[in-house]
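>>> A predicted structure for the sequence below; I have some questions about it.
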Amino acid sequence: MCAALFTFYNCSDEDFSSKYKDPSKVTSVTIEQVFTGVLEEANEFLRLGYGRYFVHDPAFGIWAQTWGSRPDDDMYESNQMQVDGSYGRYIRVLTQYKLLKKEFDNSANQSVYQAYELCGRAVMLHVLFQTLDEFGQLPFDEVGFFPLTGEIVLPHLDDTKTLYQKVLTELDEINTELASGGNVAASTDWLNRGDMTQWRVYVNSLRLRCAIRLSGAEDYTNPDNTMAADAKRIIADILGDPGKYPVVTSTDNQIYVENNFSTSPNGWWTTLTNHDGNQNGRNWAMRCTAGEALLLRLDLNQDSLYTAAADDPRLPLIFDPVQGGTREGKYVGVNPRDDNSVVRPLISGADDDGIKQISSHNERSFRDNRRMKGYVITPSEILFYKAEAILRGIAPGDAETAFKDAVLESVKMYAVVNAESDATGESALRSDVVAGEGTQWAADWTDAKITGYAKAKWDAAVSTADKLKLVYEQFWVHNTMFNAVETFNSLRRTGIPDNLYYGYRSGSNSTKVLPNRLIIPASEHDRNPNIPNERSSVGFEPGKGNWEVIFWARDLTNSSQYRGTVKTSL
């Protein structure tokens with residue numbers, strides 16, 4: 001396929017001629033092919049491949065404390081693979097979409113191909129939105145000229161608020177246009193499989209996510225956020241008119257990527273199974289580790305043993321207990337107050353015959369599961385947004401019902417992942433099947449009991465502020481495994497959980513405290529004088545570079561808890 005895998009950064013002038021063909025000599029492509037090319041370039045944004053699971057998501061999960069980590073001096077560093085991966089994929093998706101738009105504009109059959117352009121644009125806007133959340137600023141208008149025209153253009157940064165407005169406005173336009181008709185062939189579309197109703201569900205759910213992001217929070221809205229009022233109006237419009245703005249409401253219409261491993265592997269299961277989970281510092285043992293903050297919010301008891309009557313039903317679905325040694329059978333997370341001399345031996349199992357003494361992600365659910373879907377937008381996410389909007393007075397409705405349904409859908413999603421796993425054989429860390437027909441877990445956690453568990457939490461939160469905190473925390477828990485960047489986004493927007501501990505990394509060369517955002521990779525500004533070099537040489541510069549606050553967020557570094565002092569004990 002002549003799908004354009006184009007980027008312009010980190011290339012010499014000679015690289016351009018060797019990597020990219022003269023546009024006048026490129027063999028023509030079909031609009032269907034270029035549309036599929038947009039999806040292919042966005043693939044890593046939409047499911048858990050190697051890059052996301054071992055590079056991208058761990059960094060955001062560690063910063064949001066939904067993932068555990070060794071407290072190394074570089075734990076706040078933006079891994080270069082993470083930065084280059086996110087930024088590079090954004091450039092490639094945007095360039096591929098611009099090629100699609102060019103082919104569409106030149107087509108004599110635009111009425112036939114309009115849906116391809118609209119759906120391709122929706123995916124591009126999704127990637128733009130997520131990458132903008134991560135970096136806070138991006139080039140857009142001037143990106144992608146070389147593969148289209150042969151002209152080398154060094155792009156400038158676009159206005160950040162203008163780009164967020166573009167996402168909101170154009171997703172609305174796409175929904176309206178798709179409501180009028182049009183089709184995308186299922187054979188070209190592995191995201192929504194040619195279901196045009198699902199494309200509208202995807203578009204409106206994504207727009208709701210963006211509006212929630214820009215709406216601020218009940219207790220605080222960044223003074224620079226001039227978009228909050230309009231965002232609240234959009235939230236009210238979407239939630240108030242499901243006929244005009246269909247969104248994800250259940251597992252029947254959630255947005256996901258099917259893992260068709262039997263015929264055309266998307267690849268994430270093969271890359272995950274390549275890591276055998278031994279205790280010698282390999283990726284699984286080191287990267288896929290439980291953090292104390294999440295275990296506590298899964299209601300883990302002080303004895304660290306799972307008890308169905310008291311603990312969160314998701315606990316044994318997300319994590320494996322320690323499989324041997326002095327902590328066998330217990331769920332144990334990394335304590336962020338411990339230094340590396342304490343944590344490293346626990347992860348390596350140095351004092352327990354090489355058996356890791358910190359819980360890992362459930363191997364049956366995640367590492368060896370070839371049936372695991374790539375969840376893009378889940379019903380729980382939308383239901384948590386709905387509960388929040390009702391509590392904040394943005395939309396009418398029953399917040400308690402929305403919250404209970406959100407928790408129920410979250411538990412059921414993790415249960416399906418575990419129960420449907422095709423993992424076979426034995427490994428050093430894998431536990432038995434937890435959920436599924438005939439298991440004790442299934443007997444303990446009927447839908448009614450899960451809803452009762454959620455209701456008990458709701459009733460314990462007395463005030464509206466307490467209930468909002470509960471909604472934010474449960475959103476943070478839900479996105480742990482399938483959308484770690486959203487856990488960090490939610491933390492930046494809401495400040496919840498509000499009693500996380502982040503130590504000061506005194507030995508780090510460049511990032512001593514938690515960052516507020518990523519910065520554009522050095523390879524970009526080295527070649528392009530229009531992109532500023534924001535790399536810090538002193539480790540912490542408040543309000544600059546990694547610590548500049550995006551206009552919709554709060555400053556995570558502006559607190560004594562990020563200087564190695566406990567703000568509130570867990």
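Thanks, I have the structure now.
>>> What's the end-to-end length of stretch 346-358?
By C-alpha to C-alpha, to the nearest Å, the extent of stretch 346-358 from end to end equals 6 Å.
>>> Buried residues in it, which are they?
Across stretch 346-358, burial judged by 16 or more other C-beta atoms under 10 Å covers L346, I347, S348, G349, D352, I355, K356, Q357, I358. C-beta here means a position set from N, CA and C on the backbone, and glycine is covered the same way.
>>> just stretch 290-307 next, same as before
Using 16+ other C-beta under 10 Å as the burial criterion, the residues of stretch 290-307 that qualify are A290, G291, E292, A293, L294, L295, R297, L298, D299, L300, S304, Y306.
>>> nearest residue to the residue positioned nearest the centre of the chain other than its sequence neighbours?
For the chain, N483 is the residue whose C-alpha lies nearest the centre (C-alpha atoms, centre = their mean; 2.8 Å). Among residues not flanking N483 along the chain, Y375 sits closest, at 7.4 Å (C-beta to C-beta, 6 or more residues apart in numbering).
>>> for that neighbour, helix, strand, or coil?
With DSSP: H, G, I helix; E, B strand; the rest coil as the basis, Y375 sits in strand.
>>> How about it: which residues does it bridge to?
Under DSSP bridges, the beta-bridge partners of Y375 are Y256.
>>> next one: V334
G291.
>>> so how far is D422 from it?
Distance of V334 to D422, computed by C-beta to C-beta, to the nearest Å: 30 Å.
>>> higher neighbour count, those two?
Of the pair V334 and D422, V334 is the one with more neighbours under other C-beta atoms under 10 Å, namely 25 against 12.
>>> how close does that one sit to E134?
Using C-beta to C-beta, V334 is found at 24 Å from E134.
>>> try D320
Distance, D320 to E134, using C-beta to C-beta: 30 Å.
>>> between those two, which one's more packed in?
Set D320 next to E134 and count neighbours by other C-beta under 10 Å: D320 wins out with 25 against 22.
>>> isn't that one right next to E363, touching?
Yes: between D320 and E363 there is a contact under C-beta atoms under 8 Å: 6.2 Å.
>>> what about I550, how many residues close to it?
24.
>>> Can you tell me the element it falls in?
Counting by DSSP states H and E, there is no helix or strand that carries I550.
>>> so what's it closest to, chain neighbours aside?
Excluding the flanking residues, the one nearest I550 by C-beta to C-beta, 6+ apart is G136, at 4.3 Å.
>>> got a list of what that neighbour touches?
Taking C-beta atoms under 8 Å, 6 or more residues apart in numbering, we find G136 in contact with T160, N516, R517, L518, E548, I550.
>>> Please apply the same query to P345.
Counting by C-beta under 8 Å, 6+ apart, P345 makes contact with D351, Q357.
>>> Kindly provide the distance from it to G329.
In this view, P345 and G329 are 20 Å apart by C-beta to C-beta.
>>> Report the contact partners of the residue nearest to Q65 when sequence neighbours are not counted.
Nearest in space to Q65, with sequence neighbours left out and distances taken as C-beta to C-beta, 6+ apart, is A293 at 4.2 Å. Counting by C-beta under 8 Å, 6+ apart, A293 makes contact with Q65, T66, G333, P336, P497, L500, L570.
>>> Any of those residues buried? List them.
Q65, T66, G333, P336, P497, L500.
>>> coming back round to it: go ahead and confirm the residue nearest to the centre of the chain touches S410.
No: in this structure, N483 is not within contact of S410 by C-beta under 8 Å, at 11.9 Å.
>>> pLDDT weak spots in the stretch 251-400 of the chain?
Within the stretch 251-400 of the chain, the stretches with pLDDT under 70 are 260-286.
>>> which residues of it fall in helices?
Under the criterion DSSP state H, counting those that start in this stretch, the stretch 251-400 of the chain contains helices at 268-273, 283-287, 292-297, 315-318, 340-348, 379-391, 399-419.
>>> Quick check: G51 vs F366, distance?
For G51 relative to F366 (C-beta to C-beta), the value is 16 Å.
>>> more crowded one of those two?
The residue with more neighbours, out of G51 and F366, is F366; 26 against 19, by other C-beta under 10 Å.
>>> OK, contacts around the more buried one?
Contacts of F366 by C-beta under 8 Å, 6+ apart are L48, L272, C288, M372, V417, M481.
>>> Out of those residues, which is nearest to G240?
Ranked by distance to G240 (C-beta to C-beta), the contacts of F366 are led by M481 at 31.6 Å.
>>> Could you report the distance from the nearest residue to that closest one once chain neighbours are set aside to V201?
Among residues not flanking M481 along the chain, I318 sits closest, at 6.3 Å (C-beta to C-beta, 6+ apart). I318 sits 26 Å away from V201, going by C-beta to C-beta.
>>> returning to that earlier point: dump the contacts of F366 to TSV, plus distance to V127 and neighbour count.
Formatted as TSV, these follow (distance: C-beta to C-beta, whole Å; neighbours: other C-beta atoms under 10 Å):
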residue	distance to V127	neighbour count
L48	16	28
L272	23	24
C288	25	28
M372	22	27
V417	25	23
M481	21	26
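>>> name the helices or strands packed onto the helix or strand hosting Q474?
Q474 belongs to helix 464-478 when assigned by DSSP H and E. The contact analysis (3 or more C-beta pairs under 8 Å, 6 or more residues apart in numbering; DSSP states H and E) places helix 464-478 against helix 292-297, helix 379-391, helix 399-419, helix 447-460, helix 484-494.
>>> next one: the last one to chain centre, how far?
With C-alpha atoms, centre = their mean, to the nearest Å as the basis, the distance from the averaged C-alpha position of helix 484-494 to the chain average is 9 Å.
>>> Other residues contacting the helix or strand hosting L171?
For L171, the enclosing helix or strand under DSSP H and E is helix 160-179. The list of residues contacting helix 160-179 from outside it, by C-beta under 8 Å, 6+ apart, reads 114-115, 118-119, 121-122, 125, 128-129, 132, 136-138, 140, 196, 199-200, 203-204, 206-207, 210-211, 214, 226-227, 230-231, 234, 244-245, 550-552.
>>> Which PyMOL command selects the buried ones in these?
In PyMOL, this line selects whichever of the contacts of helix 160-179 come out buried by 16+ other C-beta under 10 Å:
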select buried, resi 114+115+118+119+121+122+125+128+129+132+136+137+138+140+196+199+200+203+204+206+207+210+211+214+227+231+234+245+550+551+552
